[in-house]
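**Student:** Give me a 3D structure for the following:
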Amino acid sequence: MLIWVNIVNNYISKGIIFAFTLVACLSVQATQMTLVNDKTIITGAQQTAKYLPMLADKKVGLVVNQTSMVGDQHLVDMLIEKGVNVQTIFAPEHGFRGNYDAGEKFSSSIDSKTGVSLISIYGNQRKPSAEVLANLDVIIFDIQDVGVRFYTYISSMHFMMEAAADAGKKFIVLDRPNPNGAFVDGPILEKGFTSFVGMHSIPLLHGMTVGELALMFKGEKWLNTQQELKLSVVSIQNYQRSMRYSLPVKPSPNLPNDIAVNLYPSLGFFEATPVSIGRGTAFPFQVIGHDKVSLGNFAFMPVAIKGAATSPKLMNAALLGQDLRNSKIRGLDLKFIIKWHNKFKENNLNFFTRARFMDKLSGTDKLRKAIIAGKSVKMIKQSWQQGLIQFQKIRTPYLLYPQ
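**Tutor:** Numbers count the residues shown, from 1 in each chain. Next up, the predicted model:
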């Protein structure tokens, strides 16, 4: 059974969520080879019969990147081939082709392959202007997320949803699995710590797909708009959030494989420290090392890599540390950040050299302060359990898939 969620009206009144759902059966040729109970996962983008009718005679804008694949064909190419009037491509962090380094700014341009206008929504202009949207009827969001709050694609989706609402444009999310969907963990983002790496009162690992998050952003009235967003979600077929899902395309230059995606929630905090997590190597987010302090004997050297790490931390320095390339860890493991902090402390070295950024990544200053105070993993995790329980209650009406 294919479930297509078309939210005609989604609002909260006396705690009750009303959503109108259309359910239809559809036979689709499967190209994604991940199986659940002997059934192949079919992403929203693959279910063309559910969204192509909404694009007929419409001028379409696409929020896409290198992960926006329909089988072995990019969504942009597929839509143009089918006669859809694709007017504009909106490119998030890392660009339309996924070939820009983390934090690297890029300008709007023209896509050389299709001739379609490319608008950057990363950097100073995170929300397109009304003039840009005036020439569009529909905006489609189809990007693979990894389920971690500080991964910026969901922030880009938020701003595009606001822009679409303000301009009175329909917004369609083609949903994709969350490779970290089995986990709800980490601190809830607190007021005062909002940034592009954390915009919403959700935990670090929220266990939701982008489609579910879109429903939540609208339903919880987190969008800064006075207009009602016309939102549709084309949901995933044969998907369970607790399943293992291997990404067919790397979602960003420094998450090249499943191990990196699994370790990303735990190692992302190191971006606020002097310690390398492998940017500038062939195994980013799979190693931890430093040139003066070490918790292991694995040797590596970060170097400049165009489009992935143009100026990596500790570039050209010989580092020693931990090799996690065979790690089985999933979810949020705090032992890495705690042990490295303690090692730096033993050597009278400053660990949280970017304290404010650490707090933005965490969504709170409590985690950093707890680590400095020497609190255990158990004590730290216990401190956010009540918040997680409350979050799971809030998210329940927006969930589209079984656990």
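
**Student:** Residue ranges of each domain in the chain, please.
**Tutor:** Following automatic domain parsing, the chain resolves into domains at 2-242, 258-372.

**Student:** quick one: what helix or strand has the nearest residue to E228 once chain neighbours are set aside in it?
**Tutor:** Excluding its sequence neighbours, the residue lying closest to E228 (Cβ to Cβ, 6 or more residues apart in numbering) is A165, at 6.9 Å. Glycine gets a C-beta too; all of them are placed from N, C-alpha and C. Element membership of A165 [criterion: DSSP states H and E] is helix 153-167.

**Student:** if we can go back for a sec, would you list the domains of the chain in a markdown table and tack on mean neighbour count, mean pLDDT and distance to Q390?
**Tutor:** Shown next, in a markdown table, are those (neighbours: other Cβ atoms under 10 Å; pLDDT from 0 to 100; distance: least, Cβ to Cβ, whole Å):
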| stretch | mean neighbour count | mean pLDDT | distance to Q390 |
| --- | --- | --- | --- |
| domain 2-242 | 19 | 83 | 8 |
| domain 258-372 | 19 | 97 | 15 |
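
**Student:** Can I get these in a markdown table including distance to P248?
**Tutor:** Shown next, in a markdown table, are those (distance: least, Cβ to Cβ, whole Å):
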| stretch | distance to P248 |
| --- | --- |
| domain 2-242 | 7 |
| domain 258-372 | 11 |
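
**Student:** what about the helices in the stretch 101-250 of the chain?
**Tutor:** Using DSSP state H, counting those that start in this stretch, the helices of the stretch 101-250 of the chain run over 130-133, 153-167, 210-219.

**Student:** What lies in contact with the last one?
**Tutor:** Residues from elsewhere that reach helix 210-219 (Cβ atoms under 8 Å, 6 or more residues apart in numbering): 5, 7, 10-12, 17, 19, 44, 141, 143, 145, 153-154, 157-158, 161, 171, 173, 175-176, 178, 200, 202, 206, 208, 222-223, 229, 231, 233-236, 394-395, 397-401.

**Student:** Please write out the alpha-carbon positions of that helix in CSV.
**Tutor:** Extracted in CSV, the C-alpha atoms of helix 210-219 (Å, rounded to 0.1, in the frame of the first residue of the first chain):
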residue,chain,number,x,y,z
VAL,A,210,12.2,15.3,6.2
GLY,A,211,8.5,14.7,5.2
GLU,A,212,7.6,14.2,8.9
LEU,A,213,9.6,17.3,9.9
ALA,A,214,7.9,19.4,7.3
LEU,A,215,4.5,18.4,8.7
MET,A,216,5.8,19.3,12.2
PHE,A,217,7.2,22.7,11.2
LYS,A,218,3.8,23.6,9.8
GLY,A,219,1.7,21.9,12.4
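
**Student:** and the angle from that helix to helix 153-167?
**Tutor:** Here helix 210-219 runs at an angle of 50 degrees relative to helix 153-167 (axes from the mean of the first three to the mean of the last three Cα atoms, to 10 degrees).

**Student:** residue contacts, the closest residue to L223 other than its chain neighbours?
**Tutor:** Once flanking residues are discounted, L223 sits nearest to E162: 5.0 Å by Cβ to Cβ, 6+ apart. With contact set as Cβ under 8 Å, 6+ apart, E162 has these partners: 127, 223-225.

**Student:** What is the nearest of these to K369?
**Tutor:** Closest approach to K369 among the contacts of E162 (Cβ to Cβ): N224, at 30.0 Å.

**Student:** Kindly provide the distance from that closest one to T194.
**Tutor:** Applying Cβ to Cβ, to the nearest Å, the value for N224 to T194 is 11 Å.

**Student:** Also V138?
**Tutor:** With distances taken as Cβ to Cβ, V138 is found 29 Å from T194.

**Student:** Repeat that for V293.
**Tutor:** 32 Å.

**Student:** can you check N348 too?
**Tutor:** Distance, N348 to T194, using Cβ to Cβ: 34 Å.

**Student:** Remind me which helix or strand V60 belongs to.
**Tutor:** Element membership for V60 (DSSP H and E) is strand 59-64.

**Student:** ugh, typo on my part, it should be H341
**Tutor:** Applying DSSP H and E, one finds H341 within helix 335-346.

**Student:** Summarise which helices and strands that helix is packed against.
**Tutor:** helix 258-267, helix 366-372 (3 or more Cβ pairs under 8 Å, 6 or more residues apart in numbering; DSSP states H and E).

**Student:** want to throw the ones you listed into JSON lines with distance to T273?
**Tutor:** Below are those laid out as JSON lines (distance: least, Cβ to Cβ, whole Å):
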{"stretch": "helix 258-267", "distance to T273": "10"}
{"stretch": "helix 366-372", "distance to T273": "10"}
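
**Student:** how about the residue most central in space within the chain, what does it touch?
**Tutor:** The chain has D145 as the residue nearest its centroid, 3.5 Å off, counting by Cα atoms, centre = their mean. By Cβ under 8 Å, 6+ apart, the residues touching D145 are 151, 153-154, 176, 178, 209-210, 251.

**Student:** Mind putting those into a markdown table with distance to S376?
**Tutor:** A markdown table is the format used below for those (distance: Cβ to Cβ, whole Å):
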| residue | distance to S376 |
| --- | --- |
| Y151 | 27 |
| Y153 | 33 |
| I154 | 31 |
| R176 | 36 |
| N178 | 29 |
| T209 | 33 |
| V210 | 34 |
| P251 | 32 |
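
**Student:** Of those residues, which is the nearest to V275?
**Tutor:** Taking Cβ to Cβ as the measure, V275 lies nearest Y151 of the contacts of D145, at 19.8 Å.

**Student:** ok, now how distant is the closest residue to that closest one other than its chain neighbours from P177?
**Tutor:** The spatial neighbour of Y151 that comes closest, neighbours along the chain excluded (Cβ to Cβ, 6+ apart), is D145 at 6.3 Å. According to Cβ to Cβ, D145 stands 9 Å off from P177.

**Student:** How about T310?
**Tutor:** T310 is 31 Å from P177, by Cβ to Cβ.
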